[in-house]
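# below is the sequence, then the predicted model.
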Amino acid sequence: MRSRLIQLTLVFILVASMAVVSCGGGGAASFTVSNFVINPTNAQVGDKVDISLTVTNGGEASGNYNVDLTVDGTPQGSQTVDVAAGASTIVAFNYTPEASGTFTIVIESLAGPLSGSLIVTPSTGYWEIPYKVVTGSWISMDISIGGITPLHRQNDFNESSGIRFTMLVNKSVVNGAREVIIPAETWSWPIFFVPAVLPGIDMNLDMPLSLDAHGTLYVQDGIGDVDLNSVSTAGHSPIQEYTYGDGTKDPAGSMLIPMDLVGHYVTPIVPKGGNLPFGCIFDTAHTENVIESNVNKKMDGRIVTDDGAPFLKDGGVAPYVGTSGTMVMTGTGDCLGAMIVGFRMDCQLWVHIVVEPVD
């Protein structure tokens with residue numbers, strides 16, 4: 001029995017020796033590290049910092065080498081690289097500081113630690129992200145003119161419609177949120193055609209953004225509550241009563257943006273048309289709007305609801321390079337009781353746009 005055990009042990013050692021030979025040709029891996037770089041060494045909150053080093057294998061066999069990154073003692077990443085005999089490889093990490101201060105960057109490895117300092121200051125400025133509206137988007141209106149039964153008109157949009165805008169996203173995170181701005185000059189919107197609002201009368205409507213839109217993008221889970229419940233009245237003040245939030249905090253990427261859209265309409269009877277101001281609010285959660293009217297009974301109780309989709313990017317804390325999402329808006333704006341071609345007009349607007357960053 002003892003002889004048998006010795007034989008098995010010798011066979012195991014022989015097999016293991018053959019495996020080493022197949023990996024490295026009879027030698028061993030021998031590693032050194034160099035070129036430790038932190039770029040930049042002075043950054044702002046939200047900036048991407050590149051951290052890298054070179055691993056060289058001066059031995060006669062290939063081998064694996066493990067590298068760990070820590071920032072002020074907190075693990076931030078780990079990589080294992082396979083380096084051929086006589087070769088070098090660059091190991092790179094990305095780190096995004098979320099607070100200002102001076103931080104110690106350390107690369108831990110078998111060759112010992114490499115360290116350097118990173119100075120982070122509060123961020124300034126915005127990321128500029130161009131967006132396009134893609135398939136799955138629409139704008140619709142329920143319209144009652146002169147007390148007629150409301151008509152429903154809808155236009156569907158896709159990428160070929162050419163709807164574009166730029167979103168400015170503040171690099172600073174304040175209380176789990178970023179400021180967002182949509183400059184009015186970047187808002188490109190097609191003409192919305194509303195056929196036969198009255199017998200023989202068609203109407204063209206465009207929806208420019210009259211002022212820069214300022215809103216909030218929540219970048220941490222459970223911070224913001226952006227649901228909207230809007231109750232509208234016709235011929236009374238206030239025109240709209242907004243209720244924000246349903247008591248449930250929304251996920252990271254939730255957004256709320258008041259939009260001052262002004263509808264310019266043109267009809268064959270009134271070539272120059274007029275303005276239909278819409279005090280709108282885009283959001284990415286659940287919106288609901290109901291028209292309560294004591295004047296135009298045809299619009300009483302008309303309810304529109306819709307759900308958006310959050311804009312997500314690594315929880316939003318990392319540099320925001322632009323992600324897809326859905327913004328929805330329901331409301332009546334200030335156009336209730338507007339006069340068009342001598343008739344009272346009440347309308348309910350519903351906008352649902354699916355957006356993607358422009359490549």
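Noted; the coordinates are in hand. Keep in mind the model is a prediction, meaning the values are calculated, not measured. Residues are numbered from 1 along each chain as shown.
# element containing Ser232?
strand 228-234 (DSSP states H and E).
# contacts for whichever helix or strand comes after that strand next, please.
Sequence-wise, the next helix or strand downstream of strand 228-234 (DSSP H and E) is strand 240-244. Here strand 240-244 makes contact (CB atoms under 8 Å, 6 or more residues apart in numbering) with 225-233, 256, 279, 281, 331-333. Where C-beta positions appear, they are placed from N, C-alpha and C, glycine not excepted.
# what mean pLDDT does strand 240-244 have?
Mean per-residue pLDDT for strand 240-244: 76.
# cool, stretch 155-167 as well?
91.
# mind listing what's buried in it?
155, 157, 161, 163, 165-167 (16 or more other CB atoms under 10 Å).
# what of stretch 75-87?
Under 16+ other CB under 10 Å, the buried positions of stretch 75-87 are 76, 83, 85.
# then it to PDB, C-alphas only?
The C-alpha trace of stretch 75-87 is given here as PDB (Å, rounded to 0.1, in the frame of the first residue of the first chain):
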ATOM      1  CA  PRO A  75     -11.300  49.600  -3.000                       C
ATOM      2  CA  GLN A  76     -12.200  51.000  -6.400                       C
ATOM      3  CA  GLY A  77     -11.300  48.200  -8.800                       C
ATOM      4  CA  SER A  78      -9.200  45.100  -9.400                       C
ATOM      5  CA  GLN A  79      -7.700  43.600 -12.600                       C
ATOM      6  CA  THR A  80      -5.700  40.500 -13.400                       C
ATOM      7  CA  VAL A  81      -3.700  40.600 -16.600                       C
ATOM      8  CA  ASP A  82      -1.900  37.800 -18.500                       C
ATOM      9  CA  VAL A  83       1.500  38.900 -19.600                       C
ATOM     10  CA  ALA A  84       3.600  36.900 -22.000                       C
ATOM     11  CA  ALA A  85       7.300  36.300 -21.300                       C
ATOM     12  CA  GLY A  86       9.400  39.300 -22.200                       C
ATOM     13  CA  ALA A  87       6.300  41.500 -22.800                       C
END
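# number of nearby residues for Glu179?
The number of residues packed near Glu179 is 16, by other CB atoms under 10 Å.
# pLDDT below threshold where in the stretch 251-359 of the chain?
269-273, 277, 293-297, 314-318, 332-336, 340-341 (pLDDT under 70).
# returning to what we had before: what pairs with the strand holding Ser232, and is each one parallel or antiparallel?
Note on strand 228-234: by DSSP bridges, its sheet partners are strand 240-244 (antiparallel), strand 286-293 (parallel).
# is it possible to export those to CSV including mean neighbour count and distance to Met345?
What follows is the strands paired with strand 228-234, written out as CSV (neighbours: other CB atoms under 10 Å; distance: least, CB to CB, whole Å):
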stretch, mean neighbour count, distance to Met345
strand 240-244, 14, 16
strand 286-293, 20, 13
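# pLDDT on stretch 114-129, on average?
Rounded mean pLDDT across stretch 114-129 is 89.
# that stretch: end-to-end distance?
37 Å (CA to CA, to the nearest Å).
# show me how far that stretch is from its chain's centre.
Offset of stretch 114-129 from its chain centre (CA atoms, centre = their mean, to the nearest Å): 20 Å.
# who touches that stretch?
33, 36, 38, 41-47, 49, 53, 71, 95, 97, 99-107, 166-172, 181, 319-322, 357.
# also stretch 165-177?
Under CB under 8 Å, 6+ apart, the answer for stretch 165-177 is 44-47, 98, 122-131, 178-183, 186-188, 209, 216-220, 223-224, 316-317, 319-320, 322.
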